[in-house]
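Engineer: Requesting a structural model of the entry that follows:
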Amino acid sequence: MAVTVVTGTGTGVGKTVATAALAAAAVAAGRTVAVLKPAQTGVGPDEPGDAAEVARLTGGAVTCGELARWPDPLAPEAAARRAGQPYLPPERIAEEAARLAAGHDLVLVEGAGGLLVRFDDRGTTLADVAVMLRAPVLVVAAAGLGTLNATALTAEALRARALECRGVVVGSWPARPDLAARCNLTDLPPAAGAPLLGLLPEGAGGLDSAAFRERAAMWLAPELDGHWAGEPPAPLA
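Structural biologist: Next up, the predicted model:
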């Protein structure tokens, strides 16, 4: 199946915007794309979540959906428990991803937080979903100090499960990168044991749909349907 799991090294690293960029670049390359956000937390029943943000940034060019949501901004297991609602079984996520893959060239499954965030009281995680799907995992990382350790730990967890780390994308490259961020361009690939496949400029998620779709491929390597050549992106105006 043409499924890629998108995880972050933690919260707030730009995972949703990176997922939207991956989808936009694939659509521009002529592929049909679906984005699945299995578990959305921290939003109310009628509030837009991450799937809606991907739909906005891609101009409605991709199929977007979610399977469950809970109002507290917590890990899915804790949020469901506090809401007194059933957990989201990882088997359900894998089934929906497989269903979408039957009708799309690419399915992106965007996790919640990091790779080992719990979905249920059995301790199952996004990594278990990737194992069920036999899907590669793309890691979205922060740019600055501390990201090497978080990236290395994520990559180690993937290797322990015989999962492929497809590469690393920096979810928000600062307009004025400090020394740590600049050094991390060299140091992230060995930390991940996988290539650096893109840098999204800080503020990319604030662009309108047309501008985002026009620029998305500039931030991603050819392996991700882009034409990024490895240089830091220019700051957004």
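Engineer: which stretches of the protein have low pLDDT?
Structural biologist: Residue ranges of the chain with pLDDT under 70: 1.
Engineer: where exactly do the strands run in it?
Structural biologist: Using DSSP state E, the strands of the chain run over 3-8, 33-41, 63-70, 106-114, 137-141, 165-173, 196-201.
Engineer: Ranking those by mean neighbour count, which comes first?
Structural biologist: Highest mean neighbour count among these (mean count of other CB atoms under 10 Å): strand 137-141, with a mean of 28. Where C-beta positions appear, they are placed from N, C-alpha and C, glycine not excepted.
Engineer: neighbours around Val43, how many?
Structural biologist: 17 (other CB atoms under 10 Å).
Engineer: shouldn't it be in contact with Arg69?
Structural biologist: Yes: contact criterion CB atoms under 8 Å: Val43 and Arg69 qualify, at 6.1 Å.
Engineer: any shared contact partners between these two?
Structural biologist: Gly49 (CB atoms under 8 Å, 6 or more residues apart in numbering).
Engineer: all helices for the chain, in order.
Structural biologist: Remark: helices assigned in the chain by DSSP state H are 15-28, 50-57, 76-83, 90-101, 126-133, 147-160, 179-192, 209-215.
Engineer: For Thr41, list the residues it contacts.
Structural biologist: By CB under 8 Å, 6+ apart, the contact set of Thr41 is Arg69, Trp70, Pro71, Asp72, Pro73, Leu74, Ala75, Pro76, Ala79, Ala112.
Engineer: gap between the residue of the chain most remote from its centre and Gly12?
Structural biologist: Going by CA atoms, centre = their mean, the residue of the chain most distant from its centre is Gly84, 27.5 Å out. Separation of Gly84 from Gly12 (CB to CB, to the nearest Å) stands at 27 Å.
Engineer: can you check Gly113 too?
Structural biologist: Gly113 is 9 Å from Gly12, by CB to CB.
Engineer: What of Val3?
Structural biologist: 25 Å.
Engineer: Could you do Thr186 as well?
Structural biologist: The gap separating Thr186 from Gly12 is 24 Å, by CB to CB.
Engineer: sorry, back to before: out of the helices of the chain, which is the most enclosed?
Structural biologist: Sorting the helices of the chain by mean neighbours (by mean count of other CB under 10 Å), the first place falls to helix 15-28, with a mean of 27.
Engineer: which outside residues touch that helix?
Structural biologist: Taking CB under 8 Å, 6+ apart as the rule, helix 15-28 contacts 4, 6-8, 33, 35, 50, 53-54, 57-58, 61-62, 105-106, 108, 110-111, 138, 140, 169, 171-172, 198, 200, 204-205, 212-213, 216-217, 219-220, 224-226.
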